[in-house]
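> Just to be clear, the model below is a prediction. Sequence and coordinates:
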Amino acid sequence: MSQVLGKPQPQNEDDDDEEEEDELVGLADYGDGPDSSDADLDSGAEEGVLDFSDPFSSEVKPRILLMGLRRSGKSSIQKVVFHKMSPNETLFLESTNKICREDVSNSSFVNFQIWDFPGQIDFFDPTFDYEMIFRGTGALIFVIDSQDDYMEALARLHLTVTRAYKVNTDINFEVFIHKVDGLSDDHKIETQRDIHQRANDDLADAGLEKIHLSFYLTSIYDHSIFEAFSKVVQKLIPQLPTLENLLNIFISNSGIEKAFLFDVVSKIYIATDSTPVDMQTYELCCDMIDVVIDISCIYLIDYNFHCFRKAIHEVFEVRMKVVKSRKVQNRLQKKKGATPNGTPRVLL
Ligand SMILES: Nc1nc2c(ncn2[C@@H]2O[C@H](COP(=O)(O)OP(=O)(O)OP(=O)(O)O)[C@@H](O)[C@H]2O)c(=O)[nH]1
């Protein structure tokens, strides 16, 4: 069902690149963020806390900005997706008061920078060089807390998007309607419709209809945040059409029903074939990746790959039975590619 790719790059190369980059722009003395050690261990990421006046004009990696009002959930998103923090632990996150930059270099495709902005950032502060920041930006994620009154957030979204667009018309504007775990299904749809309408009306009133905003319903308490981040990252991968074609060829020649190319570390999917993505299949693959990560250390130490693979399949089958409802299993059984006993096929 899924081919899990995306090996971490050799650590030495990364280190070399990072040193070179820092020397070039004179940033060797940037302090590590509070979680830099975790970052290194968990995601191959490196983190730094920057001043507003950070002169990062020569960065070549695509830059993803996380913006939004205070407590909207920006840092939680970053920690859950890229540091495997459990959602409940985010309750104890402190407010961000400086721009935090993180290099994510998990593979040749997942290779970008994330900048987490403090909620109270002031675009009119003369020391805040927003032109420099937006110039090198590939995607701007604006996080709106759907459980809160979002009028102020919408005004802020409008200001942010119009400022950014003036500097760089190539930015992808991504709006995360976040914390939807607290909303009923009807309320989710209504909130999305309302935010979509108001945000686009504001742009139209300013004569900026040509700015395209993409909307996602997200929560750190389920897979929606990983799916949304996957879509954001995919837009920054120039090889995406080629990868999709390869996956199309792969499924048509193998009889496999759905293929994802995953970044194992973050559970972002870099590409998939052109059949529609079914959330339950994606969740199943994410669960599978968790299992692989949980037990790989035990078996890889033994260099016994056959045992490892067998164990993965066994654990996966048990998990399928426990976690998935009978309804989901029945649906999967009926689909092409199911093994005779009804368990979906997984390739390792
Ligand atoms: N229910 C729910 N709570 C969330 C979600 N994401 C984040 N939170 C909570 O929202 C609160 C604020 O999260 P932060 O990540 O600190 O927010 P922030 O936008 O980085 O805040 P600033 O650093 O002040 O700008 C925390 O208590 C999180 O646990 C979510 O998807 N659902």
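Nice, thanks for sending it over.

> what residues are up against Asp202?
Counting by C-beta atoms under 8 Å, 6 or more residues apart in numbering, Asp202 touches 154, 158. Where you see a C-beta, it was placed from the backbone N, CA and C, and this is true even at glycine.

> Enumerate the positions of the helix ranked longest in the chain that are buried.
Longest helix in the chain by number of residues (criterion: DSSP state H): helix 279-301. If you call a residue buried by 16 or more other C-beta atoms under 10 Å, then helix 279-301 has these buried ones: 281-289, 291-292, 299.

> what mean pLDDT does it have?
Looking at helix 279-301 alone, the average pLDDT works out to 76.

> For it, which helices and strands make contact with it?
For helix 279-301, the helices and strands in contact under the criterion 3 or more C-beta pairs under 8 Å, 6 or more residues apart in numbering; DSSP states H and E are strand 3-5, helix 224-234, strand 260-263, helix 305-323.

> Which residues of the stretch 101-250 of the chain lie near the ligand?
For the stretch 101-250 of the chain, the residues found near the ligand under the criterion C-beta under 6 Å from any ligand atom are 118-119, 178-179, 181-182, 219-221.

> Just give the closest residue to the residue in the stretch 101-250 of the chain positioned nearest to the ligand, not the sequence neighbours.
Closest contact between the stretch 101-250 of the chain and the ligand, by C-beta to the nearest ligand atom, is at Gly119 (3.0 Å). Once its chain neighbours are removed from consideration, Gly119 has its nearest residue in Arg70; the separation is 3.0 Å (C-beta to C-beta, 6 or more residues apart in numbering).

> So the one you found versus Tyr165, what's the distance?
24 Å (C-beta to C-beta, to the nearest Å).

> Same question for Phe117.
Per C-beta to C-beta, Phe117 is found 17 Å from Tyr165.

> Over to Phe176?
In this view, Phe176 and Tyr165 are 18 Å apart by C-beta to C-beta.

> For these two, indicate the residue with more neighbours.
When neighbours are counted by other C-beta atoms under 10 Å, Phe176 and Tyr165 differ, and Phe176 comes out ahead with 29 against 18.

> Could you double-check that that one lies in contact with Lys74?
No: the criterion here is C-beta atoms under 8 Å, and Phe176 misses it with Lys74 at 9.0 Å.

> any residues in contact with both of those two?
Contact with both Phe176 and Lys74 is made by residues 68, 143, according to C-beta under 8 Å, 6+ apart.

> Local confidence estimate at Glu23?
At Glu23, the pLDDT recorded in the model is 28.

> wait, I meant Lys179
Looking at Lys179, its pLDDT is 96.

> hang on, the earlier thing: how about the residue of the stretch 101-250 of the chain closest to the ligand, secondary structure?
With DSSP: H, G, I helix; E, B strand; the rest coil as the basis, Gly119 sits in coil.

> Now the phi/psi pair for it, please.
Backbone dihedrals for Gly119, given as degrees, to the nearest 10, come out at phi -60, psi -30.

> What's the separation between it and Asn248?
Gly119 is 42 Å from Asn248, where distance means C-beta to C-beta.

> Low-confidence bits of the chain, can you list those?
Across the chain, the stretches falling below the confidence threshold (pLDDT under 70) are 1-60, 106, 124, 296-348.

> Could you pull out the strands in it for me?
Secondary structure of the chain by DSSP state E: the strands cover 3-5, 46-50, 63-68, 99-105, 111-116, 137-145, 172-178, 213-217, 260-263, 268-272.
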